[in-house]
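Asks: predicted coordinates and the sequence they were generated for:
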Amino acid sequence: MLRVNADHYVQVGKLFQASTKLFDGGLLSGVTQLTPPKARELADILTAMKSHCDQLQMPVTSKLLLQFVQEYERKMPTWTSTVGFLDCVERSFRAELEARLFVFIEPDRAAYFSDALAVGGEIMDLESSLALHRSPSAGFDLREAGNCFASGCYTACVHHLSKIVEFGLFAFATFGGASDPLNWNKALNEVQKALSQKTGNFAGTSRADDQYYSEALGLLRNFKTAWRNPVSHVPVSFDETRARTMFSIVRATMHHLAERFIEIPMPRAVVSS
């Protein structure tokens, strides 16, 4: 997805208007060359126009502009050839514009969108609050979740947010001695049993430890039942309100787990249920 500011299109339109005014009443003959003041003005217009086309990734129009500038440097163009060229550029620009599909992101969701140029404000805040330096691999799904939310794909958003919590489950369940840390129900049952019997890494835990681990179990069980399981099966779907709520739930769950756990590398190929 290409991030562009609509102002680039507006400015190109203004430059076409400026070029039209530049030659109003100036066609004295087909062979008359541009005067130096007109040539300088044209050079400024073409340079600005190419800059905007580069930003908009319009390669055909940008190439036409570059070719004309190179020819311009070798020989001063005539009025008629310049007018014809600008008409060709405008046709090219319109053709490239018509070949594009534009997707508008509503202002209240724009802060969730990220790309190679910038990270959305909401996503940047979540990266910090989720302590993703403790689970760096989850960053991919967080940005995917944000982009899905920004574009109105709410069920896909919830799916990616569920994957983020799975990193926390895997670390916690591995610590708790679960035989299959990615099998949500089995892993949580085994960790619950180990905690109640004070076996493995839970041996000798304090009351404060018990409270922390019990809260972690509760958060993960609630998450599994209310979010992870439903989004994994048909015919459940999620709307904007529930998807937006999900960000807060993931924030609370991962913030708690990050107090004691860091990411554990997952197997390359796993099968979980």
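Replies: Received, thanks.
Asks: run through the helices of this structure in chain order.
Replies: 6-22, 36-55, 59-74, 79-98, 121-129, 138-150, 154-175, 184-197, 207-223, 229-231, 240-257 (DSSP state H).
Asks: want to throw those into a markdown table with mean pLDDT and mean neighbour count?
Replies: Any C-beta I mention is one placed from the backbone N, CA and C, and that applies to glycine too. What follows is the helices of the chain, written out as a markdown table (pLDDT from 0 to 100; neighbours: other CB atoms under 10 Å):
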| stretch | mean pLDDT | mean neighbour count |
| --- | --- | --- |
| helix 6-22 | 82 | 15 |
| helix 36-55 | 86 | 16 |
| helix 59-74 | 86 | 15 |
| helix 79-98 | 87 | 17 |
| helix 121-129 | 88 | 17 |
| helix 138-150 | 95 | 22 |
| helix 154-175 | 95 | 22 |
| helix 184-197 | 96 | 18 |
| helix 207-223 | 96 | 16 |
| helix 229-231 | 93 | 17 |
| helix 240-257 | 94 | 18 |
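Asks: residue 109: which of the ones you listed is closest?
Replies: Taking CB to CB as the criterion, helix 138-150 is the member of the helices of the chain that comes nearest to residue 109, at 4.6 Å.
Asks: quick one, domains of the protein?
Replies: Dividing the chain into domains by automatic domain parsing, as the record does, gives the ranges 6-98, 108-257.
Asks: thinking again about what came up before, closest to residue 266 out of the helices of the chain?
Replies: Go through the helices of the chain one by one with CB to CB and the one that ends up closest to residue 266 is helix 154-175, at 5.9 Å.
Asks: distance to residue 263 added to the domains of the chain, as CSV?
Replies: CSV is the format used below for the domains of the chain (distance: least, CB to CB, whole Å):
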stretch, distance to residue 263
domain 6-98, 36
domain 108-257, 4
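Asks: out of those domains, the one nearest residue 264 is which?
Replies: Of all the domains of the chain, domain 108-257 sits nearest to residue 264, with 4.9 Å by CB to CB.
Asks: for the closest one, the distance to its chain's centre please.
Replies: 20 Å (CA atoms, centre = their mean, to the nearest Å).
Asks: show the end-to-end separation of it, please.
Replies: In domain 108-257, first residue to last residue: 29 Å (CA to CA, to the nearest Å).
Asks: likewise for stretch 177-187?
Replies: Using CA to CA, the end-to-end distance of stretch 177-187 comes out at 8 Å.
Asks: ok, stretch 195-210 next?
Replies: Terminal residues of stretch 195-210 lie 8 Å apart, using CA to CA.
Asks: how about residues contacting that stretch?
Replies: Contact partners of stretch 195-210, identified using CB atoms under 8 Å, 6 or more residues apart in numbering, comprise 175-177, 194, 213-214, 217.
Asks: list the contacts of the spatially closest residue to residue 180 that is not a sequence neighbour.
Replies: Ranked by CB to CB, 6 or more residues apart in numbering and with sequence neighbours excluded, the top spatial neighbour of residue 180 is residue 186, at 5.6 Å. Applying CB under 8 Å, 6+ apart, we find residue 186 in contact with 178-180.
Asks: go on, residue 260?
Replies: Taking CB under 8 Å, 6+ apart as the contact definition, residue 260 lies against residue 212.
Asks: got the phi/psi numbers for it?
Replies: According to degrees, to the nearest 10, the main-chain angles of residue 260 amount to phi -130, psi -20.
Asks: that one and residue 183, how far apart?
Replies: As defined by CB to CB, to the nearest Å, residue 260 lies at a distance of 22 Å from residue 183.
Asks: I'd like the contacts of stretch 195-210 as a markdown table, with distance to residue 104 appended.
Replies: As requested, the contacts of stretch 195-210 are exported to a markdown table (distance: CB to CB, whole Å):
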| residue | distance to residue 104 |
| --- | --- |
| 175 | 45 |
| 176 | 46 |
| 177 | 50 |
| 194 | 51 |
| 213 | 46 |
| 214 | 46 |
| 217 | 43 |
